[in-house]
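Colleague: Here is a sequence with its predicted model. Questions after.
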Number of protein chains: 2
Amino acid sequence: MSGQAAEFSRENLENVLKRRFFFAPSFEIYGGVSGLYDYGPPGCAFQANIVDTWRKHFILEEDMLEVDTTMLTPYEVLKTSGHVDKFSDWMCRDLKSGEIFRADHLVEEVLESRLKGDKEARGLVKDANADAQEDADKKKRKKKVKEIKAVKLDDEVVAEYENVLAQIDGYSGEQLGELMVKYDIKNPVTNEPLEAPKAFNLMFETAIGPSGQLKGYLRPETAQGQFLNFNKLLDFNNLKMPFASAAIGKSFRNEISPRSGLLRVREFLMAEIEHYVDPNDKKHENFADIKDVKLRFLPKDVQQAGSTEPVEKTVGEAVASGMVDNETLGYFIARIYQFLIKIGVDENRLRFRQHMANEMAHYAADCWDAELHTSYGWIECVGCADRSAYDLTVHANKTKEKLVVRQKLDEPVSVTQYEIDLEKKKFGPKFRKDAPVVEKFLVGQSQDELIKMKEQLDKDGKVTFKVPELEGEVELDTTFIKIEQRTHTEHVREYTPNVIEPSFGIGRIIYAIFEHRFWTRAESTDRGVLSFPPAVAPTKVLLVPLSNNEELLPITKNISRILRKEQIPFKVDDSGASIGKRYARNDELGTPFGITIDFESVKDGSVTLRERDSTKQVRGDLKEIIKAIKEITYEGVSWAEGTKNLTPFESNAEDQE
Amino acid sequence: MSGQAAEFSRENLENVLKRRFFFAPSFEIYGGVSGLYDYGPPGCAFQANIVDTWRKHFILEEDMLEVDTTMLTPYEVLKTSGHVDKFSDWMCRDLKSGEIFRADHLVEEVLESRLKGDKEARGLVKDANADAQEDADKKKRKKKVKEIKAVKLDDEVVAEYENVLAQIDGYSGEQLGELMVKYDIKNPVTNEPLEAPKAFNLMFETAIGPSGQLKGYLRPETAQGQFLNFNKLLDFNNLKMPFASAAIGKSFRNEISPRSGLLRVREFLMAEIEHYVDPNDKKHENFADIKDVKLRFLPKDVQQAGSTEPVEKTVGEAVASGMVDNETLGYFIARIYQFLIKIGVDENRLRFRQHMANEMAHYAADCWDAELHTSYGWIECVGCADRSAYDLTVHANKTKEKLVVRQKLDEPVSVTQYEIDLEKKKFGPKFRKDAPVVEKFLVGQSQDELIKMKEQLDKDGKVTFKVPELEGEVELDTTFIKIEQRTHTEHVREYTPNVIEPSFGIGRIIYAIFEHRFWTRAESTDRGVLSFPPAVAPTKVLLVPLSNNEELLPITKNISRILRKEQIPFKVDDSGASIGKRYARNDELGTPFGITIDFESVKDGSVTLRERDSTKQVRGDLKEIIKAIKEITYEGVSWAEGTKNLTPFESNAEDQE
């Protein structure tokens, strides 16, 4: 299939996907809402099969603990996780027209168009506008810049623009604002000035309950719901470490201006794993099983050197050399690869790209994206990050609920640390109802904070600090608190596990597979085929009675009954269309097998089996045919092997019009 | 199992469900949000198995077209469907404290407490407060009325209150307001007056996109997403009728004050079928398959007569007598019954209750709920309604997009109707850019509307009307339009299909099954068992090595590998607990089988198989044991039949502490 890439036409593919109702814009008869799509029957079945494969490949095979947590999430949780403050894009508004632009996209497009205009002025392209239009069509972008002027730029300006464009994903809102002022970027159509970039939070907001006072969001990821249940999950796992939880469900992202079809949508299906591991021991017990898997890596140093040439290595080598941070991360990278190949990703169009330091969250230890190549470029489809202990720590700090593992030590250890003693009976009279708040605050101080307090106490005999829940500062002297360094013998080690998180965007993977598996027969570009692996194909069999003749009715019904009993998903096509047309429709739906019923079938019960990709046919008894279908679909047997006892069959049905 | 009902303790069940993390309040470490729950690993697996069974029972067996549509839904769609105006409960606010009450619940509770106070005053109960508390505990309600006063009421007041309570579900907001004035119902704690009841819409509202101007909601049902795709689905089905679409997904309902655990929640999983049928022919081709299924019906006339005694009838009889409106409705009622029994509902605690006229939406032709009995009373778990052509009609009227079926007629028919002719070249000059809007409006007029227009035209020579999209009125004379009655021969019949809608609340069904399948062993009320049918049990097998002895490790690993390969969901319990304790834990999780590995196993590969409900054990070769597990779990074979070739085995493991 990969050999077909050169002939690929996105337009052809999109026509097939639309005609066969794989998916369609939601609310289309109401004019649609951008970034929202519905899956029709084949898309929905394909998605269900991929989810089912995911569940078997990860949850069942690795004995993970699946949970189903709510999408509605209260403000407090997402404030703590950092999403309220940081999960945003930069937008700027034209105050006159009310039009809203995504700042980084606008800067990018304006500078690109100026560079194009410069090229035209230099005589390097003939028509910059036509050129830009073609580019926009390719990327399916609605162009903000409607007209490009052929204006020559100074050489150093060209260099500056190119430098900005190379870093466009890394700018803060303030920096984007400065660029807009420096390069005089305004509304490209009206030339009206724009407001400075403001953060637009990408979460959908709502109110829970009738008072309207409990603010909530639709979750941006399933991860937080898993973290909050950590203690229950550890308990369910009989306190054994390491272990993983998993969740499959919809998440939401209120994009400023969605584009690129299924690749950037506002409501999407995710499948996420949170693997909890001892920070001191990130080995994986099954690492040996996958260490020889060879992958294409694009590590950060290669990217920093300006190259996109991947490095081929086994996972074992990648971990041994330190390129991939640890065994567990490497293990999941290999398992992600195996999953993607199983469901139909073209392995020549898959790479693992490491995040650069400025892309990665500050707490992440390492992060690799499985990227799939499509006509939109390389697309991040699975993230695989080491989130360290960040999430469990912030939720524990906020709720004062410990989210830790207690490990009995074989050998007791002696631990030296700073401890704070409170003279509790003095707190009541001084702080009255606020006393517990102050006490809780002091007990929750970290080692670093205690050291600072101790220094101040030693120096001034008192310490002042701010308790978030209270107004003003609190001052305490040594009659209230005492801080000392002490040494204890401990028999239990208490630690916050680190989290390795493989996170799958199912819709993006589905779209990439559409592109990887679509090709057209040499005879005609009208004859598209979606060569899904049988195990994930939406239906497995098309049942085709040769004609509408009544004689064929009973046997068609009977074979339907048998296929249903065998739980093989199938469709009957008894429309009046020619066999050839029906096969063609079937190829577009990606159905791997066709069973043709003819007058011979009525006599001796034999039927014809057709294979979608090769259009090869064999003939035999229905029972044998079903056996072949099952082996090829569910046991990974090849067509040649699965049909070796059946009789090859020649037909000219393919050519029928 | 049904024999256990008398001993049922909800407290015991809830302890088990909590301890084994079937479900838990969401965000519990943040204090929780009422009406939101997370499913832990066993609850999640149970839910996934029920959904899988549903998919096979309905979608695959009946060849339905599954779709996956978005939860985010724009205002316009839900305005048209009637949800913006009518999907609400009545709430009233205490302006002083800000407390909010659900009006019908408040009236109910206040009148009930007065009746209780009356009973105490008459000496019929000893302590009305204690009595009410017990009642509230049973129903898990937070009581609004904190104290009941022993005040005797007039006999006619008692009768009036009882009459109101009998109809409490049927009052409008205005009527509830009148009742509150008439019976002087205020905030029961502070005695402050309350605002008149206001409609509180139960949909969660949000804004789509950055401008905040596109108002949207989280869908209250999956149905609308299916209706909007009707044309695409009909097309996908090669224009054949009847057919059904189906969707499985989360829906939302912003309850005023959620209660009753999993039975009334704000975010819930639904599985809905929309079966499209010719309004003139609601026969079902497979009706004969189910016509002898005998069910407990509670029809509306029985309810009107004040009885709750169900009528036992076959579905065939129910449809023949006209009690159930049509074959298709009857067919689905029987199929719902078969599904519920398959997944573990106790058939003695299932009834089909018909909606009374005042409960039913005005457009519905008939509606039956599958109700399951629980300790909270009879609970609606599946609705099965004939929605007529309502939804498709309102969306078609609103969008001017036809949502109809075109049926080629065997015999042409002659149709007489009013038709409108537009003198198009005069519309442009008069209306300029609005001309298409006016033309579209006129062409979309119904027969009734055309008749009225014609009368006006004949009388005045002109007609005035309002076009919703335009300001002011439009006036046209006979030089612009002509309306005539004409007769045509038609070869095609065009009709809007009716919709039969079976709609499943998966969470409610799950909770009812928990109650129906929970019992405790005679030996001890601490030994709870959840007797799920093997096919839907969260895991199928618990693998129990007799001890932690290292000799048992390799065979445990090997059997795990084999079970994984056979795709039998299992868990290993190699904790140090006694065999008896491990079995007990397993019974609480509803795992139907236990495989015990002992030192004999190491020698000859034989293992012991334990059945959860009977605690019976058999011994045999692993291969034979796996065969038995598969037959019992997936092929509906009984324990006795499935294990007849294995050796009965006696053990005292059950009693081990």
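Modeller: Happy to help now that I have it. Numbering: from 1, shown residues only, chains lettered A, B, ... in the order given.

Colleague: Spatially central residue for chain A, please.
Modeller: When CA atoms, centre = their mean is applied to chain A, the residue found nearest the centroid is residue A:505 (2.7 Å).

Colleague: Give me the secondary structure label for the closest residue in space to that residue that isn't next to it in sequence.
Modeller: In space, and not counting its chain neighbours, residue A:505 is closest to residue A:381: 5.6 Å by CB to CB, 6 or more residues apart in numbering or on different chains. C-beta: built from backbone N, CA, C; applies to glycine. Here residue A:381 is strand, with the state taken from DSSP: H, G, I helix; E, B strand; the rest coil.

Colleague: domain parsing for chain A?
Modeller: Residue ranges for the domains of chain A, per the TED database: A:10-69+A:219-390+A:499-505, A:94-201, A:413-493, A:539-648.

Colleague: tell me the most buried of those domains?
Modeller: domain A:10-69+A:219-390+A:499-505 (a mean of 20; mean count of other CB atoms under 10 Å in any protein chain shown).

Colleague: Start and end of that domain, how far apart?
Modeller: 21 Å (CA to CA, to the nearest Å).

Colleague: quick one: average pLDDT of that domain?
Modeller: For domain A:10-69+A:219-390+A:499-505, mean pLDDT rounds to 95.

Colleague: now swap in stretch A:165-185 and tell me
Modeller: 88.

Colleague: now do stretch A:459-469
Modeller: pLDDT averaged over stretch A:459-469 gives 88.

Colleague: what's next to it, contact-wise?
Modeller: A:434, A:437-438, A:441, A:453, A:456-457, A:473-478, A:481 (CB atoms under 8 Å, 6 or more residues apart in numbering or on different chains).

Colleague: Looking at those residues, spot the one nearest residue B:491.
Modeller: Set against residue B:491, the nearest of those by CB to CB is residue A:437 (81.4 Å).

Colleague: hang on, that closest one packs against residue A:470?
Modeller: Yes. Between residue A:437 and residue A:470 a contact is recorded at 6.4 Å, counting by CB atoms under 8 Å.

Colleague: Name the residues that touch the biggest strand by length in chain A?
Modeller: With secondary structure taken from DSSP state E, chain A has its longest strand at strand A:405-422. Strand A:405-422 has contacts (CB under 8 Å, 6+ apart) with A:234, A:239, A:241, A:276, A:278, A:439, A:442-443, A:445, A:447, A:450-451, A:453-454, A:480-497.

Colleague: quick one: contacts for the residue nearest to residue A:505?
Modeller: Counting by CB under 8 Å, 6+ apart, residue A:381 has contacts A:340, A:369-372, A:504-505, A:508-509, A:512.

Colleague: Quick check: it vs residue A:340, distance?
Modeller: 8 Å (CB to CB, to the nearest Å).

Colleague: ok, now residue A:290?
Modeller: 14 Å.

Colleague: show me where the stretch 101-250 of chain A has helices.
Modeller: Remark: helices assigned in the stretch 101-250 of chain A by DSSP state H, counting those that start in this stretch are A:103-121, A:128-139, A:155-166, A:173-182, A:223-228, A:230-236.

Colleague: ok and the longest one relative to helix A:155-166, angle-wise?
Modeller: Read it as helix A:103-121. Counting by axes from the mean of the first three to the mean of the last three CA atoms, to 10 degrees, helix A:103-121 points 140 degrees away from the direction of helix A:155-166.

Colleague: Do helix A:103-121 and chain B come into contact?
Modeller: No. Using CB under 8 Å from any CB of the partner chain, helix A:103-121 never reaches chain B; the gap is at least 11.4 Å.

Colleague: Write out the residues of the stretch 101-250 of chain A neighbouring chain B.
Modeller: A:200, A:204-211, A:214, A:216, A:218, A:225, A:228-229, A:231-233, A:235-236, A:238, A:250.

Colleague: let's go with 6 Å and repeat that
Modeller: A:200, A:204, A:206, A:210-211, A:228, A:232, A:236, A:238 (CB under 6 Å from any CB of the partner chain).

Colleague: One more: the stretch 551-657 of chain A?
Modeller: Counting by CB under 6 Å from any CB, the stretch 551-657 of chain A sits next to chain B at residue A:575.

Colleague: and the residue of the stretch 551-657 of chain A nearest chain B?
Modeller: Scanning the stretch 551-657 of chain A for the residue nearest chain B gives residue A:575, at 5.0 Å (criterion: CB to the nearest CB).

Colleague: and that residue, what element?
Modeller: For residue A:575, there is no host helix or strand (DSSP states H and E).

Colleague: For it, grab phi and psi.
Modeller: Dihedral angles of residue A:575 (phi, psi; degrees, to the nearest 10) stand at phi -70, psi 170.

Colleague: swap in residue A:148?
Modeller: Dihedral angles for residue A:148 - degrees, to the nearest 10 - are phi -100, psi 130.

Colleague: Next one: it, what pLDDT does it get?
Modeller: On the pLDDT scale, residue A:148 gets 85.

Colleague: and the stretch 301-450 of chain A, which residues reach chain B?
Modeller: Checking the stretch 301-450 of chain A against chain B by CB under 6 Å from any CB, the hits are A:399, A:401.

Colleague: mind listing the helices for the stretch 301-450 of chain A?
Modeller: Using DSSP H, counting those that start in this stretch, helices in the stretch 301-450 of chain A cover A:315-320, A:327-342, A:390-399, A:424-431, A:435-443, A:447-460.

Colleague: Quick one: distance of the third one to the chain centre.
Modeller: When you say that, I think you mean helix A:390-399. 24 Å (CA atoms, centre = their mean, to the nearest Å).

Colleague: what do you get for the longest one?
Modeller: Its chain's C-alpha centre and that of helix A:327-342 lie 15 Å apart, by CA atoms, centre = their mean.

Colleague: Show me what that helix is in contact with.
Modeller: A:57, A:277, A:282-284, A:287, A:290, A:293, A:295, A:315, A:319, A:324, A:347, A:352, A:368, A:370, A:382, A:384, A:386, A:500, A:502 (CB atoms under 6 Å, 6 or more residues apart in numbering or on different chains).
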